[in-house]
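Undergrad: Kindly generate the corresponding structure for this input.
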Amino acid sequence: MEKVELPIHKHPLLPLTRFFYGYCLGCYSCGYIYGGDRCNELGCEDYVYHKECADLLPEINHSSHPDHPLKLILSDEESACNRCGISFGNGYICSLCDFKLDIRCAKGPAPLPILENSNLHEHPLQLSCGTKSYDLWDYRTCKECEHYVNNEELCYICYQCKLVSHEECAKFFPEANHTSHPQHPLKLLSYKAIPDYADNKCLLCGLKFLQGVHHCDVCNFSICRWCMSNPPPLGVVSPTTHEHQLHLFPRRIYFTCNACGTQGDRSPYFCLQCNFMIHRECIDLPRVININRHDHRISYTCRLGHGNWECAAGFCREKVDGFYGAYSCSKCPDFVVHSRCATRKDVWDMVELEGTPEEPEEPPFVVIDDNMIKHFSHDHNLRINKDGTILHESTLCQACVSQIYSEPFYSCEQCEFILHKKCANLPRKKRHLCDNQPFTLDTNSEGKPSECYLCRQDFTGFRYMCLNRDIVLDIRCSSISEPFVHESHPHNLYYIDTGGCSKLCTACGDPHLGEYFNCGKCKFIVGSKCAILPYKVIRHRYDDHPLSLSYGESSVVGDYWCEACETKLDPRKWFYTCKDCGVTLHSSCVVGDISYIMPCSVEGSPYWYKGEVVSNNSICRPICYKCNSRCKLPSIFQDSMAGFFCSLGCHHDYHCERLYTKNTADIVD
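TA: Model (predicted):
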């Protein structure tokens, strides 16, 4: 398919042969688009146009404004159409008269200002942009479909009877023929008047009826108003889907789609001579794509062949039938994904890559010799150290902001720049399961704290950024992939986005909003913040031995006390312990909310105050200004006005109380 430059969009557009449900970015009408044009660039996955909207001319002459030509404009600022009154961004404008016309009115006959002889009502109906100017009519229901008329929606109004009708509903006759059911005319009914024996979903698109229904009581044939006004094609030619023309079979029938291997229950497209059936959503599936569950490109194949396949998408993990279509990786023979799972909008970046050569992977460093590299993040050469040297606890890796233990690391001989060997090998670009867009490694040279999208913790150091989505990940969370193997659990864990629903974390017992990892075989759930807790902490001021993360104990004899804060510890939750001394500590007393911020890296505040993170290495530990406890973590926050705080949480609570006291005093005064 060849891209075509069109005035409607900033990027060249590709022909769209698949069925797309959503908004046309030209005329802003919602429904199925059968054939059209779409953008194939990252970040523009929602730019889809009707064919007639994509082919609009840069300049037109229109009967509604015969005096001057109208020029096409693309704008984010909305203006009101002089013909229908609806606000629009893309449209036509006359620079001489300030006459404006939206694309919907420009590409076809505009709605009549007055319907003198309507099928809906005995009185004339007047066109209006919503009912917002009539206080008593707000949220009135359409006379025909008995569904709400939005205050901004184009509609017809009878001022005598105070009746409202959708502009689309006013076009329909009480009875009309349809290409998918030529035997009998379809009667227009409200969705509340659907017979008991009828299905409550459209026979063609499968959407549940919410507005007007077009029904044949002889054949029990019911379709929605969108399929009535925009009928699907009876025949489809798509060489990438099937070698022969496909024909619509508009009736209830249970079938297995040859493209995705899942069940369907209505209106497939079929090829009679090949016994081939397909969902209309599966017509013209992309051939080569990138998904956020894999580092390599994957390709569509109509048959995998015989084998014991399992879907690699963590939210699915069901069997893949090799005799139907699926996606596979040519470099990883065991990686297979269902067609429907691979093309989900939260998995696929919506860019088709067939015919596009792969970009060479950019290495993070250049090898100088056996012991020296030149890393892209630093101006000087870095030397490898493999002798197991354990550096001071205040010496941190510039990428992950963690201590340098006995693992290999690179260091600069001219300054204090240090990187773990594994951090030096971090790829410049990668994909992550939390978003469908690619991430780029950024060194965060300014040193300002960012909040990680997954664990919600502030951090400095290297970060992965998704520029199209404004999402940032720290190095720890960016390394998580599916299946996620954690020492705390015998089964694999998989990423779940709750969409804001609260789940109780098994590790800490607290309700967790957003993303978490769960087990598909049992009820084990761990939040992202707990999932990245280090398994071992080699150096800690409360014990000379390494501390190990304990994953809770069900049978407990006696009380457990935290060595750091000297309060009780719930042994059913995760905590740190020394196997040699038996010392126990809260996980928050070992890893706090400042643990991933470099000392002296905060010059001003992300929370509306001034201060900085400093090392807590004095002999006498300072007292937190908020909770009055000794600051126990290796790093603390110093407020230029209030003093020291053991955590950002305490600092935040202090300022909230201060602000509340001030506001209360102002109210009293």
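
Undergrad: ranges for the helices of the stretch 101-250 of the chain?
TA: 103-107, 167-171, 225-229 (DSSP state H, counting those that start in this stretch).

Undergrad: Looking at the ones you listed, which is nearest to residue 637?
TA: helix 103-107 (54.0 Å; CB to CB). (Each C-beta comes from the backbone N, C-alpha and C, glycine too.)

Undergrad: got any ranges where the stretch 1-150 of the chain has weak pLDDT?
TA: Where the stretch 1-150 of the chain drops to pLDDT under 70, the residues are 1, 85, 108-111, 117-120, 129-139, 144-146, 150.

Undergrad: now the strands: where do they sit in it?
TA: Here the stretch 1-150 of the chain has its strands, by DSSP state E, counting those that start in this stretch, at 13-23, 30-39, 48-50, 59-62, 65-73, 79-80, 87-88, 91-94, 99-102, 114-115, 125-129.

Undergrad: what's the answer for the stretch 551-669 of the chain, then?
TA: 560-561, 568-569, 575-577, 584-586, 611-615, 635-639, 643-645.

Undergrad: Determine how far the last residue of stretch 626-644 lies from the first.
TA: 9 Å (CA to CA, to the nearest Å).

Undergrad: what's the top helix by length along the chain packed up against?
TA: Secondary structure of the chain read by DSSP state H shows that its longest helix is helix 648-668. Judged by 3 or more CB pairs under 8 Å, 6 or more residues apart in numbering; DSSP states H and E, the packing partners of helix 648-668 are strand 635-639.

Undergrad: can you give me the helices for the stretch 301-450 of the chain?
TA: 339-342, 421-424.

Undergrad: circling back to that earlier point, JSON lines for the strands of the stretch 1-150 of the chain, including mean neighbour count and distance to residue 485?
TA: Listed next are these as JSON lines, based on neighbours: other CB atoms under 10 Å; distance: least, CB to CB, whole Å:
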{"stretch": "strand 13-23", "mean neighbour count": "18", "distance to residue 485": "37"}
{"stretch": "strand 30-39", "mean neighbour count": "20", "distance to residue 485": "38"}
{"stretch": "strand 48-50", "mean neighbour count": "24", "distance to residue 485": "39"}
{"stretch": "strand 59-62", "mean neighbour count": "14", "distance to residue 485": "61"}
{"stretch": "strand 65-73", "mean neighbour count": "15", "distance to residue 485": "54"}
{"stretch": "strand 79-80", "mean neighbour count": "14", "distance to residue 485": "55"}
{"stretch": "strand 87-88", "mean neighbour count": "18", "distance to residue 485": "52"}
{"stretch": "strand 91-94", "mean neighbour count": "22", "distance to residue 485": "54"}
{"stretch": "strand 99-102", "mean neighbour count": "22", "distance to residue 485": "54"}
{"stretch": "strand 114-115", "mean neighbour count": "16", "distance to residue 485": "66"}
{"stretch": "strand 125-129", "mean neighbour count": "20", "distance to residue 485": "57"}
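
Undergrad: Rebuild those strands as TSV, extending it with distance to residue 418.
TA: Output for these, formatted as TSV (distance: least, CB to CB, whole Å):
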stretch	distance to residue 418
strand 13-23	47
strand 30-39	44
strand 48-50	49
strand 59-62	62
strand 65-73	54
strand 79-80	57
strand 87-88	56
strand 91-94	57
strand 99-102	59
strand 114-115	76
strand 125-129	64
